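Enquirer: Dropping a prediction and its sequence here:
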Amino acid sequence: MSESTVKLLNNPYGKVSFDLFRKNDQAFVDKSLMIKYLDDNNTSWYPVLLRPRRFGKSTFVQMLKCYYDISYQDRYEELFSGTKIYDENLPTHNSYHVINFDFSAVSTGNLNKLLTSFFVAVTDGIDDFCLRYPDVSFDYSDMDKTDAATLFTEFSKAYRKFSKSQKLYVMIDEYDNFANEILSKDLELFLNITSKDGFLKSFYAAIKSKSSDVIAKTFITGVSSVSLDSLTSGFNIARNVTPFDCFNEYAGFTEDELEILIPKLVDVEKLGVSTKEIISRMKPVYDGYCFSRKADKTVYNSSMCLYYLDEMQRAEIFLNPEDYLDPACDQDGYKLEQLFSLADKETVDTIIDRYLQGEPFNLLKLSENINLNQVRNYSREQLLSMLYYLGYLTVNRNSTLDSGISLVIPNQFMAKLFAKCTIEFRFRNNAVFSSQKLDVSEMISVEDDLSSFASSCTEFLSLIMSNQVLVHMKEMALNLVLYAKLEELSKDDFEVRLQKSLRVVGEGEKFADLVVTVNKGTDTECIYLIELKYLTKTEAKDKVSDSAVNKAIKDASEEALTYKSALDFKGKNVKAYAMVFAGPDCVYCQQQ
């Protein structure tokens with residue numbers, strides 16, 4: 001089937017205007033059924049729903065505005081006919097006067113610039129409201145341009161004259177975006193604005209004061225709970241509904257939704273792959289997010305998916321999702337490092353050790369309100385909670401805990417961010433770790449015998465284990481420390497990849513432990529594919545389980561050969577190796 005016979009819709013990557021989606025032939029994922037849960041009398045009238053960045057929260061808010069606002073009544077059929085909520089025929093559609101505030105663009109400079117910018121963001125919402133409702137008479141030209149609380153209070157009075165009934169629906173998008181940015185740059189300014197006398201508390205107190213006679217409902221989105229204390233201390237009737245199972249899928253894409261979306265955005269037949277195969281390749285990189293213990297589905301990062309599908313639509317060939325990550329997402333792990341810097345070293349070390357052991361993170365409960373004015377360092381519970389809110393960790397759906405909550409790393413993308421931060425925090429500045437070098441001369445010479453490389457690995461691992469640089473050695477830790485040492489050698493003609501995603505015919509998605517490309521871009525370019533297995537010395541020496549080493553050799557050899565056949569390596573010079581370690585000792589290193 002040629003592209004001329006396939007009508008593809010426009011990709012909505014980076015766009016949030018729900019009311020323009022259908023008009024401009026934009027594809028969109030139907031999240032409208034979530035409105036049913038918001039309308040449920042058992043749900044708070046003042047919910048706060050947090051999700052990681054780039055998950056589609058703003059689009060959801062714009063959909064709510066179109067659905068609830070009276071000024072969109074004439075467009076209800078146009079915008080919602082065919083959606084899931086349309087079939088519910090709820091009486092609440094187009095029954096409120098909606099005012100929405102978007103705080104994503106608030107300046108993060110000094111305090112005065114911040115207050116002025118916040119004031120402007122509030123006036124933007126008011127101006128938009130007055131355009132839709134020109135009968136509202138409100139002039140703020142003589143007001144203090146740094147006092148958003150008074151601005152909202154005065155607007156509420158003007159609204160009360162306009163509408164005698166309590167129909168104002170306040171929607172706030174990215175309530176904490178600017179606060180999170182400030183936290184990463186200026187801790188003192190963050191503490192100032194989130195203190196009990198800060199302007200944020202005053203603003204939300206002004207909203208609360210009007211909930212008895214003006215405001216009918218509110219809806220607030222954001223990323224984390226680190227600023228939630230300022231919101232709830234001023235607006236203490238707000239409820240954090242983030243972990244409610246009914247809202248698990250309100251942002252992000254499920255596999256069912258991707259099944260519908262993908263054929264609208266790419267010509268799958270022209271690509272030579274099925275929709276299910278595309279999803280299977282996307283799954284380990286973008287999927288895995290779960291926000292409730294009771295949820296029965298995980299969700300994909302929607303922005304990652306849309307960016308990747310847009311790139312594939314333009315290229316008109318199948319692309320490896322791992323190589324096409326949304327540049328707007330945190331790819332260098334900066335925010336993760338910043339989180340770790342706000343906890344004491346012992347807490348960070350405990351979490352890193354747990355990560356290196358490949359174990360889940362268990363805690364009694366998530367911290368809903370984190371106030372850095374009361375505690376200058378995150379506790380273990382608070383740090384893990386922040387990692388959950390920001391998407392670095394997610395709910396472990398396979399947990400057998402009777403109480404509390406278990407968290408895991410959601411996908412390969414986040415696992416690699418953890419790897420980068422672990423290298424920086426645990427290894428990079430450690431003299432013992434840095435003193436050793438791995439011998440890669442045999443690779444650079446494109447030889448088949450890697451015995452010198454294997455010996456240098458043994459020497460390096462013996463050093464860091466005897467000096468307790470690495471307290472817990474498991475297969476994940478083995479992968480990471482060897483990658484970290486090889487990565488130090490990276491240059492134009494030498495590249496190393498950790499857990500590289502591969503496409504193997506008949507096998508689906510596979511991940512090679514280490515893939516080292518030498519003499520890259522030259523006639524002698526060669527790829528060394530290395531599959532690693534690890535046993536403790538006790539496991540290796542136990543006569544009863546003498547087959548443990550042989551089994552590890554067999555498994556590593558079979559996997560190395562399988563990965564060597566990947567489509568990614570077609571036409572390339574690839575040498576596949578199995579390496580087995582018993583403690584720090586490399587007991588097997590052979591080409592397959």
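Expert: It's in.
Enquirer: ok now do the residue nearest to residue 59 when sequence neighbours are not counted, which residues does it touch?
Expert: Distances taken as C-beta to C-beta, 6 or more residues apart in numbering put residue 16 closest to residue 59, at 4.7 Å, once the chain neighbours are dropped. Glycine gets a C-beta too; all of them are placed from N, C-alpha and C. Residue 16 makes contact with 58-59, 62, according to C-beta atoms under 8 Å, 6 or more residues apart in numbering.
Enquirer: And what about residue 16, helix, strand or coil?
Expert: Here residue 16 takes the coil state, with states given by DSSP: H, G, I helix; E, B strand; the rest coil.
Enquirer: And it, how far from residue 115?
Expert: To residue 115, residue 16 is 26 Å away according to C-beta to C-beta, to the nearest Å.
Enquirer: Residue 97 is in contact with residue 163, correct?
Expert: Yes. Here residue 163 reaches residue 97: they are 6.2 Å apart, a contact under C-beta atoms under 8 Å.
Enquirer: More neighbours: these two, which one.
Expert: Between residue 163 and residue 97, counting by other C-beta atoms under 10 Å, residue 97 is the more crowded of the two (21 against 16).
Enquirer: Touching stretch 470-483 from outside, list them.
Expert: Outside stretch 470-483, the residues that reach it (C-beta under 8 Å, 6+ apart) are 353, 355-358, 419, 422-423, 426-427, 433, 438, 457, 460-461, 464-465, 496, 498-499, 513-514, 532-534, 536, 581, 583-584.
Enquirer: Can I get it in CSV? Just the C-alpha atoms.
Expert: In CSV, the C-alpha atoms belonging to stretch 470-483 read as follows (Å, rounded to 0.1, in the frame of the first residue of the first chain):
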residue,chain,number,x,y,z
LEU,A,470,31.1,-1.8,45.2
VAL,A,471,29.7,-3.5,48.2
HIS,A,472,27.1,-5.6,46.4
MET,A,473,28.0,-7.3,43.1
LYS,A,474,25.2,-8.7,41.0
GLU,A,475,24.8,-9.0,37.2
MET,A,476,23.4,-5.5,37.0
ALA,A,477,26.3,-4.0,38.9
LEU,A,478,28.8,-6.0,36.8
ASN,A,479,27.2,-4.5,33.6
LEU,A,480,27.3,-1.0,35.0
VAL,A,481,30.9,-0.8,36.3
LEU,A,482,32.4,-2.3,33.2
TYR,A,483,30.3,0.1,31.1
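Enquirer: shaky segments in the protein?
Expert: 1-5, 542-546 (pLDDT under 70).
Enquirer: Spell out the residue ranges of the strands in it.
Expert: Listed in chain order, the strands of the chain (DSSP state E) span 47-50, 97-102, 168-173, 215-222, 239-240, 361-363, 394-395, 405-408, 494-504, 508-518, 526-535, 574-582, 585-591.
Enquirer: Not counting its neighbours along the chain, what's nearest residue 484?
Expert: Residue 484 sits nearest to residue 423 (C-beta to C-beta, 6+ apart), 4.6 Å away.
Enquirer: Would you enumerate the residues in contact with the one you found?
Expert: Residues in contact with residue 423 (C-beta under 8 Å, 6+ apart) are 480, 484, 487.
Enquirer: Of those residues - the most surrounded one?
Expert: residue 480 leads these on contacts (other C-beta under 10 Å) with 24 neighbours.
Enquirer: From residue 145, how far off is the closest residue in space to residue 308 that isn't next to it in sequence?
Expert: Once flanking residues are discounted, residue 308 sits nearest to residue 324: 4.7 Å by C-beta to C-beta, 6+ apart. Distance, residue 324 to residue 145, by C-beta to C-beta: 43 Å.
Enquirer: And the two? Which one has more around it.
Expert: Between residue 324 and residue 145, counted using other C-beta under 10 Å, the more crowded position is residue 324 (17 against 14).
Enquirer: In this structure that one contacts residue 309, no?
Expert: No. In terms of C-beta under 8 Å, residue 324 does not count as a neighbour of residue 309; the distance is 9.2 Å.
Enquirer: I'd guessed residue 415 sits against residue 499; true?
Expert: Yes. Contact status for residue 415 versus residue 499: in contact at 7.2 Å, counting by C-beta under 8 Å.
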